[in-house]
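Enquirer: sequence below, structure please.
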Amino acid sequence: MPPELKTIFVLAFMNPATLLAGYWLGRHSDQPQKIAIAAFMAAIAGTAFVVVTMYFGFAAWQPRLIAGVFIASMLLGALYASLGYWTRQHRDPS
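Expert: Residues are numbered from 1 along each chain as shown. Below you'll find the model as predicted:
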(Lines give C-alpha, C1' and ligand atoms only; values in the text may rest on other atoms or scores of the structure.)
Protein backbone atom coordinates (compact mmCIF):
# COMPACT_ATOMS: atom_id res chain seq x y z
CA MET A 1 0.00 0.00 0.00
CA PRO A 2 1.49 3.39 -0.95
CA PRO A 3 1.97 6.00 1.77
CA GLU A 4 -0.62 8.70 2.17
CA LEU A 5 0.16 12.20 0.94
CA LYS A 6 -0.93 13.57 4.29
CA THR A 7 1.83 11.60 6.02
CA ILE A 8 4.43 12.82 3.52
CA PHE A 9 3.43 16.45 3.94
CA VAL A 10 3.29 16.24 7.74
CA LEU A 11 6.77 14.70 7.91
CA ALA A 12 8.15 17.27 5.44
CA PHE A 13 6.50 20.38 6.91
CA MET A 14 7.14 19.52 10.54
CA ASN A 15 10.79 18.69 9.91
CA PRO A 16 13.21 20.91 11.85
CA ALA A 17 16.26 19.59 10.00
CA THR A 18 15.00 20.88 6.64
CA LEU A 19 14.18 24.27 8.09
CA LEU A 20 17.45 24.72 9.96
CA ALA A 21 19.70 23.40 7.20
CA GLY A 22 17.96 25.33 4.43
CA TYR A 23 17.87 28.62 6.29
CA TRP A 24 21.45 28.31 7.59
CA LEU A 25 22.88 27.38 4.19
CA GLY A 26 20.87 30.16 2.56
CA ARG A 27 22.28 32.67 5.03
CA HIS A 28 25.82 31.61 4.17
CA SER A 29 25.34 31.58 0.40
CA ASP A 30 27.15 34.35 -1.40
CA GLN A 31 25.36 33.90 -4.75
CA PRO A 32 21.69 33.27 -5.49
CA GLN A 33 22.63 30.25 -7.64
CA LYS A 34 23.69 28.43 -4.49
CA ILE A 35 20.10 28.33 -3.26
CA ALA A 36 19.58 25.16 -5.32
CA ILE A 37 22.56 23.51 -3.63
CA ALA A 38 21.29 24.61 -0.23
CA ALA A 39 17.86 23.15 -1.07
CA PHE A 40 19.42 19.81 -2.02
CA MET A 41 21.45 19.68 1.18
CA ALA A 42 18.38 20.63 3.23
CA ALA A 43 16.47 17.78 1.58
CA ILE A 44 19.22 15.34 2.49
CA ALA A 45 19.22 16.58 6.10
CA GLY A 46 15.43 16.40 6.30
CA THR A 47 15.32 12.91 4.84
CA ALA A 48 18.02 11.72 7.24
CA PHE A 49 15.99 13.15 10.13
CA VAL A 50 12.89 11.27 8.96
CA VAL A 51 14.84 8.02 8.67
CA VAL A 52 16.13 8.48 12.23
CA THR A 53 12.60 9.16 13.53
CA MET A 54 11.38 6.02 11.74
CA TYR A 55 14.26 4.00 13.18
CA PHE A 56 13.42 5.03 16.74
CA GLY A 57 9.72 4.38 16.21
CA PHE A 58 8.33 7.90 16.20
CA ALA A 59 6.93 7.34 12.69
CA ALA A 60 5.79 4.17 10.96
CA TRP A 61 8.52 2.47 8.94
CA GLN A 62 7.57 2.82 5.27
CA PRO A 63 10.50 2.85 2.84
CA ARG A 64 8.30 4.29 0.07
CA LEU A 65 7.68 7.32 2.26
CA ILE A 66 11.30 8.42 2.09
CA ALA A 67 11.24 9.40 -1.60
CA GLY A 68 8.16 11.58 -1.15
CA VAL A 69 9.64 13.26 1.90
CA PHE A 70 12.82 13.97 -0.06
CA ILE A 71 10.90 15.71 -2.87
CA ALA A 72 8.76 17.75 -0.46
CA SER A 73 11.85 18.63 1.60
CA MET A 74 13.64 19.77 -1.54
CA LEU A 75 10.83 22.22 -2.33
CA LEU A 76 10.64 23.45 1.25
CA GLY A 77 14.43 23.63 1.44
CA ALA A 78 14.43 25.94 -1.58
CA LEU A 79 11.90 28.15 0.18
CA TYR A 80 13.87 28.23 3.43
CA ALA A 81 17.19 28.80 1.64
CA SER A 82 15.63 31.67 -0.32
CA LEU A 83 14.38 33.23 2.90
CA GLY A 84 17.80 32.85 4.43
CA TYR A 85 19.55 34.33 1.42
CA TRP A 86 17.26 37.32 1.01
CA THR A 87 17.16 38.23 4.71
CA ARG A 88 20.93 38.26 5.22
CA GLN A 89 22.89 41.47 5.10
CA HIS A 90 24.66 41.70 1.77
CA ARG A 91 28.23 42.90 1.87
CA ASP A 92 29.68 45.25 -0.70
CA PRO A 93 32.11 43.41 -3.00
CA SER A 94 34.51 46.35 -2.95
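Enquirer: for the helix or strand hosting Ile8, which outside residues touch it?
Expert: Assessed by DSSP states H and E, Ile8 sits inside helix 5-13. The set of residues external to helix 5-13 that reach it, using C-beta atoms under 8 Å, 6 or more residues apart in numbering, is 18, 46, 50, 53, 59-60, 62, 65, 68-69, 72-73, 76. Where C-beta positions appear, they are placed from N, C-alpha and C, glycine not excepted.
Enquirer: quick one: the spatially most central residue of the chain from Thr53, how far?
Expert: Nearest to the mean C-alpha position of the chain, by C-alpha atoms, centre = their mean, lies Thr18 at 3.0 Å. Distance of Thr18 to Thr53, computed by C-beta to C-beta, to the nearest Å: 13 Å.
Enquirer: what residues sit buried inside the one helix or strand in the chain whose mean pLDDT sits lowest?
Expert: Here the helix or strand of the chain ranked lowest by mean pLDDT, DSSP states H and E is helix 5-13, holding a mean of 87. Buried residues in helix 5-13, counted by 16 or more other C-beta atoms under 10 Å: Ile8, Leu11, Ala12.
Enquirer: any idea which of these is closest to Asp30?
Expert: Ala12 (27.5 Å; C-beta to C-beta).
Enquirer: just checking, Tyr80 touches Asn15?
Expert: No. Taking contacts as C-beta atoms under 8 Å, Tyr80 lies outside contact range of Asn15: 10.4 Å.
Enquirer: contacts only, for Thr18.
Expert: Ala12, Ala42, Ala43, Ala45, Gly46, Phe49, Ser73, Leu76, Gly77, Tyr80.
Enquirer: for Tyr55, same thing?
Expert: Contacts for Tyr55 (C-beta under 8 Å, 6+ apart) come out as Trp61.
Enquirer: quick check, pLDDT for it.
Expert: Turning to Tyr55, the model gives it a pLDDT of 93.
Enquirer: just give the nearest non-adjacent residue to the residue nearest to the centre of the chain, would you?
Expert: Among residues not flanking Thr18 along the chain, Gly46 sits closest, at 3.3 Å (C-beta to C-beta, 6 or more residues apart in numbering).
Enquirer: give me the angle between the strand or helix carrying that neighbour and helix 5-13.
Expert: Per DSSP H and E: Gly46 is located in helix 35-55. Interaxial angle of helix 35-55 relative to helix 5-13 (axes from the mean of the first three to the mean of the last three C-alpha atoms, to 10 degrees): 110 degrees.
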